[in-house]
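1. Structure, please.
(2 chains)
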Protein chains: 2
Amino acid sequence: MRTSIATVCLSGSLEDKLYACADAGFDGVEIFEPDLVVSDRSPEEVRALADRLGLTLFMYQPFRDFEGVSEGQLEDNLRRARERFTTMQRLGVDLMLVCSNVATATVDSDRVSAEQLRRLGDLAARHGARVAFEALAWGRYVDDYRRSWRIVEQTDHEAVGVCLDSFHILARGHDPADIEKIPGEKIFFVQLADAPPLTMDVLSWSRHHRLFPGEGAWDLGRFVAHVARAGYAGPLSLEVFNDVFRQTDTRRTAAHALRSLVWLEDRAARLAGSPGTLRRIPDAEVPTGYDYVEVKAEDTGEVERMLEALGMTFRGQHRTKPVRLWSAGDARIVLNEQHARDERPRLAGIGFGVPDATVVRDRARALAVRPAARRTQSGELEMPGFVTPSGIEVFLNDHDDGNEPAWVAEFEHGHPAGPSQIRGIDHVNVSHSREAHDEAVLFCISVLGLQSPPVTEAAGPHGLVRSQVMRTPDGGVRLSLNVSPAGVSHPDHVALECDDVVAVARRARANGLSPVLVPDNYYDDLRARFGLDDATLATLREHQLLFDRSADGELWHFYTQRVGSLCLELVQRVRDYDAYATDNTPVLLAAQDRADRAGTGREDGGAH
Amino acid sequence: MRTSIATVCLSGSLEDKLYACADAGFDGVEIFEPDLVVSDRSPEEVRALADRLGLTLFMYQPFRDFEGVSEGQLEDNLRRARERFTTMQRLGVDLMLVCSNVATATVDSDRVSAEQLRRLGDLAARHGARVAFEALAWGRYVDDYRRSWRIVEQTDHEAVGVCLDSFHILARGHDPADIEKIPGEKIFFVQLADAPPLTMDVLSWSRHHRLFPGEGAWDLGRFVAHVARAGYAGPLSLEVFNDVFRQTDTRRTAAHALRSLVWLEDRAARLAGSPGTLRRIPDAEVPTGYDYVEVKAEDTGEVERMLEALGMTFRGQHRTKPVRLWSAGDARIVLNEQHARDERPRLAGIGFGVPDATVVRDRARALAVRPAARRTQSGELEMPGFVTPSGIEVFLNDHDDGNEPAWVAEFEHGHPAGPSQIRGIDHVNVSHSREAHDEAVLFCISVLGLQSPPVTEAAGPHGLVRSQVMRTPDGGVRLSLNVSPAGVSHPDHVALECDDVVAVARRARANGLSPVLVPDNYYDDLRARFGLDDATLATLREHQLLFDRSADGELWHFYTQRVGSLCLELVQRVRDYDAYATDNTPVLLAAQDRADRAGTGREDGGAH
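-> Numbers count the residues shown, from 1 in each chain, chains lettered A, B, ... in the order given. Predicted coordinates:
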C-alpha cells in the first residue's frame, strides 16, 4: 500500500518535513493545517515542491467542529469549509479530514449529522474534493467509528466517506473487527498510531504520547489486516503526536517512521493471509544467541586485564587487524584498537548468531536500516551489519550449533579455549538518549524480531533510569535499552552468565580486580526482605554480591568498576530466575556515582 | 510548626540531602529507606551527621504490605518489621510509616487489620518506637484516610496512630474536613504534596508528578488548617515524588521546598484563624503594576534605536551609572551597560510597583529568597530586590498613584515625557529551563501573590513550548513563564500596550524598524477562522499584525525582530480581551526560527 505521514509528526518547517519524507521514501503526506499556516511558502509553492519531490499530498487536515450544529452555526461552518476547499485547490489536495464535533455540537442525531455532512459533501464536490469523517475518541456525540460509519452511510454521498484512526478506535477499546463491515471504497483514509499502555485522559494520551507502530502496546498488524480485508486501497498514513519526535531531527524521525510502516504492512500481510495490496518483506529470524560483543578503545589493555582476572582466555590476535579475541564458554569479547584514537573503552558492536544471516540482511535492507561496513580481507568471513539507533553496530553470523563461529579462526597466536565458570553472554545493557529510544525499540522488534516487555524504572542519585529489556522468547538474547536522565551518562554493560559466580568473584579478587562496592546497609536490607541466614549473607558480603529472589529462583551477581564507558556484570541464575534484579539497580547507580565522584572509576561521563 | 522533608524529594546521596536540608533550614527529615539502603554510611553515621547538622530524623519510611494478611504472612511481616525497628534504633528514629497493604492483603476487615496493627504496636513499643498507618490512594482495601483512622481507633494502641498524606486524600477527592474528627495526638505524622490537575492513574500521578505546595491545583492551606484545628503538633513534612526534582541541584531544590512550606504554613494560619502552632509571615502585597523593565548589554544602542522607532522618549542618563531611561506612557525601559562586558541585550530585571515595598521585602526575606543588590549612591532611592529562579532580578518600589516613580529623577539630560500611542507594559514573557519552572511559579505565588491559570502549550518547529501566565487579579501585572524544549532558546519579550497599534506599526516602519514577518497563509487562515473582511485583512497584512478574537474582544499585535535574547511585542487590547493570543504563538515561533536560520535575527541561542 502507499505510505504516508502527517506533517505534524515531524519537527522543523513544512519544507524540512517534505524533504525528509521524500528522502525517507514516503509516497506522500497529509498536510497538517497549522504547518501550512505558519509557513512562508504559498500553497502553490508547497504543491510545486511536493511535485518535484515526488510526494502526493494525500489529505488536508484537520477540519473541526462541523456537524451536529444549529442551522446558523452550520452556515458559518460551510463558509469556513469553503475557504479550506479553496486552499486545498491551491495545494492540489482533494481530500479533507473532518473530525467529529467536540466544541459546538448541540444536536445528538445521526439524521441531522448526515444531512449536514451531505451539504458539506455537495460543497466539496463543487470544489472537486471529498471529505473523510473521523470519530474522535473525545467527540461530543460521535466518538465511535461504528457511529461515524453509520452517519456516513446515511449521508449516502459519493464525496463523503470515513477516516479510520487506530488511536481513536483502540484507545477507546473498540473492536476493530467491524471495520470489515465498511465497504472499502467508503474508507477514504486510514491513520495509524501506536501508544504505550498508559491510563490517563485520552486527549493528553493522544496529543503527547502516541508512538509509531510496533513501539507501543497495540496489535496494529491486526488493525491493518481488517482494513485490507475491507478492501481499502488508499495509503496507510502515520499520525503520531509525540513530544519527543517534535524535538528530534526531522530526517531521522522520517526514516524511523517509514521503517515502522514497512514493518507494519509486512505484519498485516502475514496476518491477513497476504491480500494483494499488502507488501511483505523477508522473514524475521530471531537470533539464537550472542555471537560476540566488541569493545573499542585506543588501548584495550585495561579491559584485557579485567577479562584475565575473571578467568577468560586470550584466544588470539586477528591476522590482519589490531583486534584481539577473548573467550570463556560461549562468551566472546572482541577488543578492537582499529581507528580508535583517543577513545576510551566503549561497547562498539554486538554480533548475533542467526539461522540465516542473508535473510536477516535482506529484511534489514527492506527496513532501510543503515548498513555498517566491516572491512574484510580475502578469506575472511563477510558478515552483514547495521548501525543501530544507539550508534552501536550489529553484525549477523550464521549460527552453527555447538561449534565456535567460523570467524574465530581468523585469530592467531592465542590459547585454546579452556574450562571456565563463565558460560556465555547473559545480556547486554545499552544506554542511549530519550530521542533514540523509541527508534531503538523499533529496530529490535522489526529487524531482530525481539519482544518487548513493559518499561521499568530505577531511581539513581541524579534521576530515574528507564529500561526496556528486548529479548528472544527463549532468553537467548536479552538486550536492555536504557534511558538515563538528561546530562547523566551511565556505562553500558555486558553481563556474563556464570555457573558459579562466587568462584568467579573469588578468583577476580585474588587477581586484584575490585568489584563495585556494595554498602553494608544493602545486606541489612536483604536480611529484612528475604530473611537470609547469616552464612548466606556473609558469603554475599564477602564477595560484594547482589542478590534477588523471585518465585522462580534467585539471581546472584556483581559488577566490575567502570572502564571507559563500559563495565561488566557477572550473573548466576539459580533455578529458573528469569528477570534482571531491577531492585538492585539503585544500589549499582549509587555505587557508580560514588566511584565517579571519588575518581576511582570516573571515566567518560558520570553525572552532569 | 516544625518543618520536614522526605529524602526521596531530592537528588544526590543521602549525605548530600542531609547537608542541603540543614542549609535550607529544615528542622528535620523523613529517611526514605531506599536512600539509606544505597548509602555507604552506616545508620550510626547518618544519625551522627544529622545530630551535628541539627536535623531531627522524624520518621523512617515506607513499611509496606503489613495488614489484612493471613496468619502465616503476618509472622513474616512482623519479622520484617523487627529488622526495620532495629535499623531505626541505630538511626535514632522512633516513628515508622506503615502504608496500607497493596500487594498481599487478603482479608478485608477492619477488625483483623486492627488486631494485626496491635501486634505491630506491641512490637514497636518494645523497640521504643511508634507506627503511623497511612491509607494509600491505591491500597487494596484501605484507600481512604477515614478508614485508616477507623482501624487505628479500633487498634487502640498508644504506639499506633495515623499518617495523613495530602496526596492520597486529595487525589481521591476525599474531603479533608473530617481530619478534624481525629484527635490531634493520634495523628502521628502529616505529609504534604501538591499536584497538577492531571487525569491519569493515581499511581503514576503520585510517583512522577507531585509538586511542592502552592505549585499545583490543590488548596493545601485548607488541608493544613484542618490538621492544625485537629490539634496536630508534629512536623509538616513534604513528600514530593517528581521526575524533575530528582534531577535538579540538591541544595536548590531543598531551598525551594522549604519556601513552599513556609508559604503554606502562613496560608494555613490565615485560613485557620491562626491557631498558635502555625507561623505567619508578613502579608503578601500584590503589585499594582510594572515600575520598569531593565535590559542589560555591553552596548544598548540597538535597543535604543528600536525604542525610538516605536515612538518612545529618551528620558535621560543616570547621574552616576552607565544607565539610560526610555519611557512612553507608563512604560519605562532602563538600559544598563554597567558590568555588561560581552553581553548582548537581555532582559535583566523587572521593577514592580507595590503598596509598601518594605512589607514585600520582609515577606521575601521570610521566604528566604536570595536578595539582589542595587548599588546606590547618596540621595538615590533604595529598592529591595531579589533574584528570581529564572535569574532575572526583581525590584520593588512604593507605588505612587498617578505620578512617575521617584527614581526617575535620578536620570538627567533627557527629554520630558511626551505623548505616545504606547500606554504601558502589558506583560513580560520570560523563558527558563524545565528545572527552574516550578520554582519560578512558587516565587510568583509566594512572594508576589500572583495567581496561576492552567498551563498552555504551543507547537514550535523544534518542540512544544509550555506557558503559564502568572498575573494579578486586575491584570496590572501579567508575567508569562515559558519552558522551551531542551536545547532551544526563545527570546524573552516585553509586551507594550498601545492605544493604536496600527499607528505604532506605521511609525515603526517609517522609521525603518521591521517587524517579525507574518506568512500570507496566516491571513488566509484568519479569514477562514474569523470571517474578517478584506479591508481588515489588508490592514493586518500591511502592518504584519497578528490578530485574535474572543467572546470579550480582540487582540491586535506584532513583534519586533530579536535583538540579543530579547524582543518587544506591541499589543492593543480591543474591548475586554483578556488573553494572550496563544493560537498565534506557533506563527511567531516559526517566524523567529526562519529569521534565526536566515541570520537576520539570529542572536544568542536559537535552535540547536
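2. Just the closest residue of the stretch 251-400 of chain A to chain B, please.
-> Here the stretch 251-400 of chain A gets closest to chain B at one residue, residue A:253, 12.0 Å apart by Cβ to the nearest Cβ. Bear in mind the C-beta positions are built from the backbone N, C-alpha and C, glycine included.
3. residues touching that residue, list them.
-> By Cβ atoms under 8 Å, 6 or more residues apart in numbering or on different chains, the contact set of residue A:253 is A:9-11, A:20, A:245.
4. near chain B too, which of the residues you listed?
-> Taking Cβ under 8 Å from any Cβ of the partner chain as the test, chain B is in contact with residue A:11 out of these.
5. Looking at the contacts of residue A:253, which is nearest chain B?
-> Nearest member of the contacts of residue A:253 to chain B, counting by Cβ to the nearest Cβ, is residue A:11, at 5.6 Å.
6. Name the SS class of the closest one, please.
-> Recorded secondary structure, residue A:11: coil (DSSP: H, G, I helix; E, B strand; the rest coil).
7. do you know how far it is from residue B:462?
-> Shown here: residue A:11 relative to residue B:462, a distance of 6 Å by Cβ to Cβ, to the nearest Å.
8. where do the contact lists of the two overlap?
-> Joint contacts of residue A:11 and residue B:462 (Cβ under 8 Å, 6+ apart) are A:246-247.
9. Burial check on the nearest residue to residue A:368 once chain neighbours are set aside, number of neighbours?
-> If the residues on either side of it in the chain are set aside, residue A:368 comes closest to residue A:259, at 6.0 Å by Cβ to Cβ, 6 or more residues apart in numbering or on different chains. Under the neighbour criterion other Cβ atoms under 10 Å in any protein chain shown, residue A:259 is assigned a count of 26.
10. ends of stretch A:27-46, how far apart?
-> 16 Å (Cα to Cα, to the nearest Å).
11. What's the mean pLDDT across it?
-> The average pLDDT within stretch A:27-46 is 97.
12. Which positions within that stretch qualify as buried?
-> Going by neighbour count (16 or more other Cβ atoms under 10 Å in any protein chain shown), the buried part of stretch A:27-46 is A:27-43, A:46.
13. do the same with stretch A:84-101
-> Those would be A:84-85, A:87-88, A:90-91, A:93-101, for stretch A:84-101 by 16+ other Cβ under 10 Å.
14. Residue A:163 pairs with what?
-> Bridge pairing for residue A:163 (DSSP bridges) gives the partners residue A:189.
15. Next up, the contacts around it.
-> A:59, A:97-98, A:132-134, A:187-191.
16. Residue A:62 is in contact with residue A:6, correct?
-> No: using Cβ atoms under 8 Å, residue A:6 is not in contact with residue A:62, being 9.4 Å away.
17. Mind checking which of those two has more residues around it?
-> The neighbour comparison of residue A:6 against residue A:62 (other Cβ under 10 Å) goes to residue A:6, with 25 against 20.
18. Contact partners for that one?
-> A:29-30, A:32, A:61, A:191, A:237-240.
19. Surely residue A:21 is in contact with residue A:30?
-> No: using Cβ under 8 Å, residue A:21 is not in contact with residue A:30, being 10.4 Å away.
20. Find residues that contact each of the two.
-> A:5, A:7.
21. still on that earlier bit, any idea which of the contacts of residue A:6 is the one closest to residue B:577?
-> Comparing the contacts of residue A:6 against residue B:577 with Cβ to Cβ picks out residue A:32 as the nearest, at 27.5 Å.
22. For that closest one, grab phi and psi.
-> Note on residue A:32: backbone dihedrals following degrees, to the nearest 10 are phi -80, psi 120.
23. returning to what we had before: please report how far the residue of the stretch 251-400 of chain A closest to chain B lies from residue A:242.
-> According to Cβ to Cβ, residue A:253 and residue A:242 sit 9 Å apart.
24. re the thing from before, which of the contacts of residue A:253 has the most neighbours?
-> Using other Cβ under 10 Å as the neighbour criterion, residue A:10 leads the contacts of residue A:253 with 31 neighbours.
25. What distance do you get for the nearest residue to it once chain neighbours are set aside to residue A:50?
-> Excluding its sequence neighbours, the residue lying closest to residue A:10 (Cβ to Cβ, 6+ apart) is residue A:17, at 4.6 Å. Remark: distance between residue A:17 and residue A:50 (Cβ to Cβ) = 11 Å.
26. same thing with residue A:72?
-> Applying Cβ to Cβ, the value for residue A:72 to residue A:50 is 38 Å.
27. How about residue A:56?
-> Distance of residue A:56 to residue A:50, computed by Cβ to Cβ: 7 Å.
28. what residues are shared contacts of these two?
-> Common contact partners of residue A:56 and residue A:50 (Cβ under 8 Å, 6+ apart): A:28-29.
29. the more surrounded of these two?
-> Set side by side, residue A:56 and residue A:50 show more neighbours around residue A:50, with 22 against 16, by other Cβ under 10 Å.
30. does that one count as helix, strand or coil?
-> helix.
31. Looking at it now. What's its pLDDT?
-> pLDDT for residue A:50: 98.
32. helix or strand for the closest residue to it other than its chain neighbours, which one?
-> With sequence-adjacent residues excluded and distances taken as Cβ to Cβ, 6+ apart, residue A:50 is closest to residue A:57, at 5.4 Å. If you go by DSSP states H and E, residue A:57 is part of strand A:56-63.
33. so what's the residue nearest the centre of chain A closest to, chain neighbours aside?
-> Geometric centre of chain A, nearest residue: residue A:441, 2.4 Å, by Cα atoms, centre = their mean. Excluding the flanking residues, the one nearest residue A:441 by Cβ to Cβ, 6+ apart is residue A:215, at 5.3 Å.
34. What's the separation between that neighbour and residue A:259?
-> From residue A:215 to residue A:259 the distance is 11 Å (Cβ to Cβ).
35. Any stretches of chain A with poor pLDDT?
-> A:274-275, A:375-379, A:600-608 (pLDDT under 70).
36. Can you name the residues of the stretch 51-200 of chain A sitting close to chain B?
-> A:76, A:79-80, A:83-84, A:87, A:198-200.
37. ok, now with 7 Å
-> Counting by Cβ under 7 Å from any Cβ of the partner chain, the positions of the stretch 51-200 of chain A adjacent to chain B are A:79-80, A:83-84, A:87, A:199-200.
38. For the stretch 501-608 of chain A, which segments count as helices?
-> Under the criterion DSSP state H, counting those that start in this stretch, the stretch 501-608 of chain A contains helices at A:501-510, A:520-530, A:534-542, A:585-598.
39. The stretch 1-150 of chain A too?
-> For the stretch 1-150 of chain A, the helices defined by DSSP H, counting those that start in this stretch cover A:14-24, A:33-37, A:43-53, A:71-91, A:110-126, A:145-155.
40. want to try CSV for those helices, with distance to residue A:428 as columns?
-> Below are the helices of the stretch 1-150 of chain A laid out as CSV (distance: least, Cβ to Cβ, whole Å):
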stretch, distance to residue A:428
helix A:14-24, 29
helix A:33-37, 40
helix A:43-53, 40
helix A:71-91, 48
helix A:110-126, 55
helix A:145-155, 42
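41. Looking at those helices, which is nearest to residue B:220?
-> Of the helices of the stretch 1-150 of chain A, nearest to residue B:220 by Cβ to Cβ is helix A:33-37, at 37.8 Å.
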